[in-house]
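Novice: Predicted model and sequence follow; I will ask about them next.
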Amino acid sequence: MTADTPTPAPVFDTKIVVVLGEGLAPWQELNVTAFLLSGIATSEPDLVGEPYVDADGVRYLAMLRQPVLVMTANAGLLGRARAKASARDDVALAIYTRDLFGTPHDTANRAAVAAVASEALDLVGIALRGPRNVVDRIVKGAVFHA
């Protein structure tokens, strides 16, 4: 490969997907996505690449090494996807419930989730990482976020 030849994009054996519930306000979509991705990013050490450094030597934080797909689904699909993902050992799962919009800190967030049975969670978003084909089957029916 010459210096002018672009490096081929790596093919990842896992996929990261955020699925947002329908009808959220733009600020809620961004908030939910940010929180969910923080969970995925901390789920495995190799998910985060090296820090970035610009031509002036200024350092920036490392980010996820692989692409993230953001999709939208109705509440029924979110619930089914959560159930399928939580039943598997090879899928990392993060959830965000509607109650978390009203909680002021992490301890209150965890308490709000702990107070509700799995099937009754009012999900507004989930994020998952797992084998590509498995993740595709779990989120089947979700559409790309517009």
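Specialist: That came in fine, so what should we check first?
Novice: Show me the shaky parts of the protein.
Specialist: In the predicted model, the chain carries pLDDT under 70 at residues 1-3.
Novice: quick one: secondary structure of the most centrally placed residue in it?
Specialist: The residue lying closest to the centre of the chain (Cα atoms, centre = their mean) is residue 127, at 3.1 Å. The assignment at residue 127 comes out as strand when based on DSSP: H, G, I helix; E, B strand; the rest coil.
Novice: for the one 3 residues further on, same thing?
Specialist: Using three-state DSSP, the structure places residue 130 in strand.
Novice: start at 55 instead
Specialist: Taking 55 as the first residue, the last one we looked at is residue 184.
Novice: tell me the contacts of it?
Specialist: Residue 184 makes contacts with 68-69, 139, 142, 144-146, 192, as judged by Cβ atoms under 8 Å, 6 or more residues apart in numbering. The way it works is simple: take the backbone N, C-alpha and C, and place the C-beta from them, glycine included.
Novice: nearest to residue 104, of those?
Specialist: Closest approach between these and residue 104, by Cβ to Cβ: residue 68, at 18.7 Å.
Novice: Surely that closest one and residue 182 touch.
Specialist: No - when contacts are counted by Cβ atoms under 8 Å, residue 68 is not listed as touching residue 182 (9.7 Å).
Novice: Give the residue from these two that has the larger number of neighbours.
Specialist: Neighbour comparison, residue 68 and residue 182: the larger count goes to residue 182, with 29 against 17 (by other Cβ atoms under 10 Å).
Novice: Check whether that one really touches residue 147, as I assumed.
Specialist: Yes - applying Cβ under 8 Å, one finds residue 182 in contact with residue 147, separated by 5.2 Å.
Novice: Now for these two: what residues contact both?
Specialist: Residues touching both residue 182 and residue 147 (Cβ under 8 Å, 6+ apart): residue 139.
Novice: Could you give the backbone dihedrals for residue 111?
Specialist: phi 90, psi 10 (degrees, to the nearest 10).
Novice: before we move on, the earlier item: tell me the residues that contact both of residue 68 and residue 182, please.
Specialist: Both residue 68 and residue 182 are contacted by residue 189, under the criterion Cβ under 8 Å, 6+ apart.
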